[in-house]
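# Have a look at this fold, sequence not included:
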């Protein structure tokens, strides 16, 4: 029987399993849903992936990932827009509840984050009509500032909230604890996001962190106060699934079933608003 | 003949040289000043270090470092306050132009950055009268958010500006490009800091960054726009030295004279407001 309130981002077990096996494992361990990555879905095929999710009865709580609009020339920016439209179509085809959007990094040779930020906003505006027509909400996800140069020029919830104010319907916010836990305005901006929150990702910050990309932590192994953040998110009106997303060489090296058992145990003991 | 507008943070060559040799090298290469660390000065002795700086004729553009007030119990917090007062006395004894203050990390067992932030503000308030009496300005330095858990709970210029607003005279701001370059409010908060800016540290952000602590970049090797930030700082009214501070296993492994030659060349070609 599925646990109603947890989903598995499949990157968490990407070195253990391909899409079919990962989805079967998520079902077996009682996850309510999964969040697949584009390369996994494209490898199996869109139609076949859609059938897999439908047959397994799992929700697709998010599709990873798009955005990444900044590019040094107009051709590159148009290519990003075209690719985002394809990602929207894929998300619709597999029944994903949203498409995760990250800022992207600095364009080659350009040392100006403000330029990248403008390109991200322009890109969102360009694909938003397509997303609305496809009924795929775009989940805007700020990334930790250590990724500003090469992945996520948008680093704060405040910036994503501003963008939602500017562009209106069809946009939502993804709150990933790993990316935003440090923000001095975390409480204020989660409250401001309110009903816009459509995704809540969980992952811990380890001390020390030995690698910028692949040393993220299992909930409870680091310093993030998950109940406190969950309380903020529930107070803002979001009571949906928490999606566990851990990039970790350490956890990738363990058997997938062991990882998912620990995830489930930590989710129950570490991640509830009222322990 | 010294270059008027560059100083050397001695951590940049800490694996090549002890204090005496590093200071001699800084003078030889034409730096206007140096910024020593406490452990170096304590090792040589405060009086002897003071004599060294005086005899060499170099400015001491900053003393590293203090702050770090958060602690899990009252005894630990008092110990931090006492240690900060000693650091202020040392800074005064060696003629340092300011004492660099960083936030400190989460206290052991406490998963709340707001608590750490309050402890930092309380600590600053507790030592500020001592700093004023000693005529040692405290240079408040926000750190990159990737250090929030274990070193720098204060991550933005806005927070440090707020603290200056609250506590008044005797406080200043240190703007370190490495720590703040990603900030979406960088321009606004540098302008707001205005005459409070008393230190400008320079170091580049590398892509990729392979280690959170020891893979900082030589100016020009990364993505930071040094002229743009320098223009903001000069527009705010600060025309003082830029202090180069690079923690890098790569540069620590090279001969010190080679490192300083590259620093000088990059400072001239990469770091000026008007190239």
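Thanks, I have the structure now. What you are looking at is a predicted structure, and each value in this text was computed from that prediction instead of being measured.
# May I ask you to confirm that residue A:76 is in contact with residue A:104?
No: in this structure, residue A:76 sits apart from residue A:104 without contact. The criterion is CB atoms under 8 Å, and the distance is 10.6 Å. Using the backbone N, CA and C atoms, a C-beta is placed for each residue, glycine as well.
# Compare neighbour counts for those two and give me the winner.
Summary of the neighbour comparison: residue A:76 and residue A:104, criterion other CB atoms under 10 Å in any protein chain shown, with residue A:104 having more neighbours (25 against 15).
# in the stretch 1-150 of chain A, what spans have low per-residue confidence?
A:1-4 (pLDDT under 70).
# how about the residues of it that lie near chain B?
For the stretch 1-150 of chain A, the residues found near chain B under the criterion CB under 8 Å from any CB of the partner chain are A:105, A:106, A:111, A:112, A:113, A:117, A:144, A:145, A:146, A:148, A:149, A:150.
# nearest to residue A:17, of those?
The closest of the residues of the stretch 1-150 of chain A next to chain B to residue A:17 turns out to be residue A:144 (CB to CB; 26.5 Å).
# pretty sure the closest one is touching residue A:155, no?
Yes: using CB under 8 Å, residue A:144 and residue A:155 qualify as a contacting pair, with a distance of 7.0 Å.
# Can you pull the residues that touch both of those two?
residue A:179 (CB atoms under 8 Å, 6 or more residues apart in numbering or on different chains).
# So the two - more neighbours on which side?
residue A:155 (26 against 23).
# tell me the contacts of residue A:211?
Contact criterion CB under 8 Å, 6+ apart gives residue A:249 as the residues in contact with residue A:211.
# let me fix that: residue A:215
When contacts are counted by CB under 8 Å, 6+ apart, residue A:215 is found next to A:206, A:209, A:248, A:249, A:250.
# nearest to residue B:55, of these?
When the contacts of residue A:215 are compared for distance to residue B:55, the smallest value, 42.8 Å, is given by residue A:209; criterion: CB to CB.
# Could you list the low-pLDDT ranges of the stretch 151-275 of chain A?
Counting by pLDDT under 70, the stretch 151-275 of chain A contains low-confidence ranges at A:275.
# ok, which stretches of chain A are strands?
Remark: strands assigned in chain A by DSSP state E are A:6-9, A:33-35, A:59-60, A:63-67, A:99-102, A:138-140, A:171-176, A:197-202, A:242-244.
# still on that earlier bit, and the contacts of residue A:215 near chain B, which?
Restricting these to those adjacent to chain B (criterion: CB under 8 Å from any CB) gives residue A:209.
# okay, the contacts of residue A:215 in JSON lines with neighbour count next?
Putting the contacts of residue A:215 into JSON lines (neighbours: other CB atoms under 10 Å in any protein chain shown) gives the following:
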{"residue": "A:206", "neighbour count": "20"}
{"residue": "A:209", "neighbour count": "19"}
{"residue": "A:248", "neighbour count": "23"}
{"residue": "A:249", "neighbour count": "13"}
{"residue": "A:250", "neighbour count": "16"}
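# Let's see which of the contacts of residue A:215 end up in helices.
Those of these mapping onto helices are A:249, A:250, per DSSP state H.
# Residue A:154 and residue A:160 touch, don't they?
Yes: between residue A:154 and residue A:160 there is a contact under CB under 8 Å: 6.2 Å.
# Are there residues contacting both of the two? Which ones?
Common contact partners of residue A:154 and residue A:160 (CB under 8 Å, 6+ apart): A:140, A:142.
# separation between residue A:77 and residue A:155?
Distance, residue A:77 to residue A:155, by CB to CB, to the nearest Å: 21 Å.
# cool, residue A:83 as well?
Distance of residue A:83 to residue A:155, computed by CB to CB: 23 Å.
# give the contact list for the residue lying closest to residue A:68 once chain neighbours are set aside.
With sequence-adjacent residues excluded and distances taken as CB to CB, 6 or more residues apart in numbering or on different chains, residue A:68 is closest to residue A:104, at 3.7 Å. Listed by CB under 8 Å, 6+ apart, the contact partners of residue A:104 are A:67, A:68, A:69, A:70, A:80, A:116, A:119, A:120, A:151, A:152, A:153.
# go again using 6 Å as the cut-off
With contact taken as CB atoms under 6 Å, 6 or more residues apart in numbering or on different chains, residue A:104 is in contact with A:68, A:69, A:70.
# So what's the residue count around the last one?
Translated: residue A:70. With neighbours defined by other CB under 10 Å, the count for residue A:70 comes to 26.
# so it makes contact with residue A:117?
No: the pair formed by residue A:70 and residue A:117 falls short of the contact definition of CB atoms under 6 Å, at 8.3 Å.
# show me where chain A has helices.
Using DSSP H, helices in chain A cover A:19-29, A:38-44, A:46-56, A:74-93, A:113-134, A:157-167, A:177-180, A:186-193, A:226-235, A:249-252, A:256-270.
# winner for burial among those helices?
helix A:177-180 (a mean of 24; mean count of other CB atoms under 10 Å in any protein chain shown).
# Go ahead and name everything in contact with it.
Residues from elsewhere that reach helix A:177-180 (CB under 6 Å, 6+ apart): A:142, A:143, A:144, A:157, A:186, A:202, A:203, A:216, A:224, A:229.
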